[in-house]
Structure formats: C-alpha cells, structure tokens
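Asker: following is a predicted model, sequence given first.
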Amino acid sequence: MSAPPPRLPRRHRAVAAAALVALLTACGTSTTPTGSTGSGTAGVSGTVTVLAAASLTESFDALRADFEAANPDVTVETSYGSSATLVQQVNNGAPASVIALAGTSAAEPLDRSLVRDTQTFATNILEIATPPDNPGNVTSIDDLAEPTVKVVLCADTVPCGKAAEATFRKARVVPNVVSTEVDVKATLAKVKLGEADAAVVYRSDVIAAKDAVRGVEIPAQFNTSLDYPVITLADDAATRAFVAYLLSAPGLATVQAFGFGAP
C-alpha cells in the first residue's frame, strides 16, 4: 500500500486553526493561499452544514474536529455521500452551507444561482485496492481483466466510476466486473469484507483504509486525476471562517495527509 504523507500533529493543526481565526477576527479579511478571501467577526458562532464526497470522510472529520476546537461556538455538521447525490439534494432544497465534490464535472448539474464561490482545494487519483493477502495476485491494472479476478467498481453515474472507465479505456483493459456500487466507500467495503479481489478507488481511500487493504498503483499514463472543488453556498461568518480554514496551509496539510494532492 502506498505510504501516507506525514500528517501534522493534531495540536499543531489546532493551534494553526486558532491563529487563523484570530487573524480573521482582528483584520476582518484574510487572503488564503489559493486566492480566496475569508472574513470573520469577534465571537464567530453558528452552524456550518457541510455536504462532502464520500472520499473526503476521514479528512473532513479531522478538519471538523480541529476547526470546532478553535471555534467552540461553531458546530460543523457533516454528511457524506456520492457527489451526484449531494448535488441533487442541494438542487432539491436540502440545507447546506458548503458542498465539496469529487471532480469539477460533478458540480455541473448544480443550480448556479445557489453558488457564492468555488475554489479547488485538492486533487486525487485512482488506485487499485486488494485484500491484504491479495488472493487474486493483482500486481497491475492488466490483471483486472483476468476472468478469475473479481473486480468491483463505483457506478458509472458517480465520479469514481467515470474516472475508472476513462482509465480502463486508456489502458485498453476490460475488467472482470462482478458488481458496481453507489459510491467509493461502498466499493472499497467489498474488498474489506473479502467479497472482491480488487476495486478501483481513490488513492486517498487506500491510505485511509490503512492495513485493511493493499494498494496497487496505476501508472500515470493510464490514471485519471480529479480536481476537488469546495463550493460556498452560504454567506454567514461561520461558513466563511470554515472555508478559509480549509483553504489555509494547515487545512490543506490535513487534507493532503490523507492522500490527496495539492490543488
């Protein structure tokens, strides 16, 4: 499995988050490393509702904990799922302050009248996951075409499924697919439970799974990269502060510690 990049100690990330919010409070406006601006007022409070792609579960759980520690009067409520489903929920009126998606194409159906700002905060690539003992003896993407290797993919209606399709086309491989799943976490679960010999998921999911799976890299010439946008839907101080923290150096470092690439 690919070794995860070093992660900032939790206490360092919490201190950095507190410093950022203090700066926002003192100055009113702060420019983030990506060029976004975030503003805050003394005593930021409220609830930030974050809808995020399933692949962001572990990294956004860490972000939420650090941000809430630095902002005790703010509650961050997170909900994870397929990017396509999350966009549909927002279009149908589901309350959300922020939506973070796997791939910019996933945002295309989003009602643009709801969008206040969009920033790319991460990238991701695909990786093959196998059980730790690798019963299918999968060592390359070519092995996924073997009739004895049970392969699970994300459904072709969600970003990880579309990315896998593009990768297989480039590699000229027809995988032996035994099932498709609603999102990347459900796809990876099949491997964790020993119900599949291999799954094509995101590199971040392989890293987050730790010893529960083994990772097999897909060569760059075949792999597919996705840009992850964070889309701001609300304009309250708590939402602005959360997005500013995500786009800050410590926020990006937290996301990258879970296997995501830099924006």
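Answerer: Perfect, thanks for sending it. Quantities reported herein were computed from a predicted structural model and do not represent experimental measurements.
Asker: pretty sure D111 is touching V90, no?
Answerer: Yes: because the distance of 7.3 Å satisfies CB atoms under 8 Å, D111 is recorded as touching V90. C-beta here means a position set from N, CA and C on the backbone, and glycine is covered the same way.
Asker: same drill for the two, tell me which one is more crowded.
Answerer: Using other CB atoms under 10 Å, the more surrounded residue of D111 and V90 is V90, with 20 against 12.
Asker: which of the helices or strands spans the more buried one?
Answerer: With the criterion set as DSSP states H and E, the secondary-structure element containing V90 is helix 83-91.
Asker: which positions within that helix qualify as buried?
Answerer: Across helix 83-91, burial judged by 16 or more other CB atoms under 10 Å covers S83, A84, T85, L86, V87, Q89, V90.
Asker: now render those as JSON lines, adding pLDDT and distance to V206.
Answerer: Compiled in JSON lines, these are given as follows (pLDDT from 0 to 100; distance: CB to CB, whole Å):
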{"residue": "S83", "pLDDT": "96", "distance to V206": "19"}
{"residue": "A84", "pLDDT": "94", "distance to V206": "22"}
{"residue": "T85", "pLDDT": "95", "distance to V206": "23"}
{"residue": "L86", "pLDDT": "97", "distance to V206": "22"}
{"residue": "V87", "pLDDT": "97", "distance to V206": "25"}
{"residue": "Q89", "pLDDT": "97", "distance to V206": "27"}
{"residue": "V90", "pLDDT": "97", "distance to V206": "29"}
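Asker: just the residues you listed now: which is nearest S204?
Answerer: Nearest to S204, judged by CB to CB, of those is S83 at 14.0 Å.
Asker: burial count for the closest residue to the closest one other than its chain neighbours?
Answerer: Take S83 and drop its neighbours on the chain: the residue closest to it by CB to CB, 6 or more residues apart in numbering is A106, 3.8 Å away. A106 has 22 neighbouring residues, counting by other CB under 10 Å.
Asker: for T157, same thing?
Answerer: 12.
Asker: how much space between A234 and D142?
Answerer: 47 Å (CB to CB, to the nearest Å).
Asker: repeat that for I231.
Answerer: Here I231 is placed at a distance of 37 Å from D142 (CB to CB).
Asker: pull the CA atoms of stretch 210-224 into PDB?
Answerer: Output in PDB follows, covering the C-alpha atoms of stretch 210-224 (Å, rounded to 0.1, in the frame of the first residue of the first chain):
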ATOM      1  CA  LYS A 210      -4.600   1.600   6.300                       C
ATOM      2  CA  ASP A 211      -3.800  -2.100   6.800                       C
ATOM      3  CA  ALA A 212      -7.400  -3.200   5.900                       C
ATOM      4  CA  VAL A 213      -6.400  -3.200   2.200                       C
ATOM      5  CA  ARG A 214      -3.300  -3.300   0.000                       C
ATOM      6  CA  GLY A 215      -2.700  -0.700  -2.700                       C
ATOM      7  CA  VAL A 216      -1.600  -1.400  -6.300                       C
ATOM      8  CA  GLU A 217      -0.600   1.800  -8.200                       C
ATOM      9  CA  ILE A 218      -2.000   2.600 -11.600                       C
ATOM     10  CA  PRO A 219       0.700   4.100 -14.000                       C
ATOM     11  CA  ALA A 220       0.400   7.800 -14.600                       C
ATOM     12  CA  GLN A 221      -0.200   7.300 -18.400                       C
ATOM     13  CA  PHE A 222      -3.400   5.400 -17.600                       C
ATOM     14  CA  ASN A 223      -4.500   7.100 -14.400                       C
ATOM     15  CA  THR A 224      -7.200   9.800 -14.100                       C
END
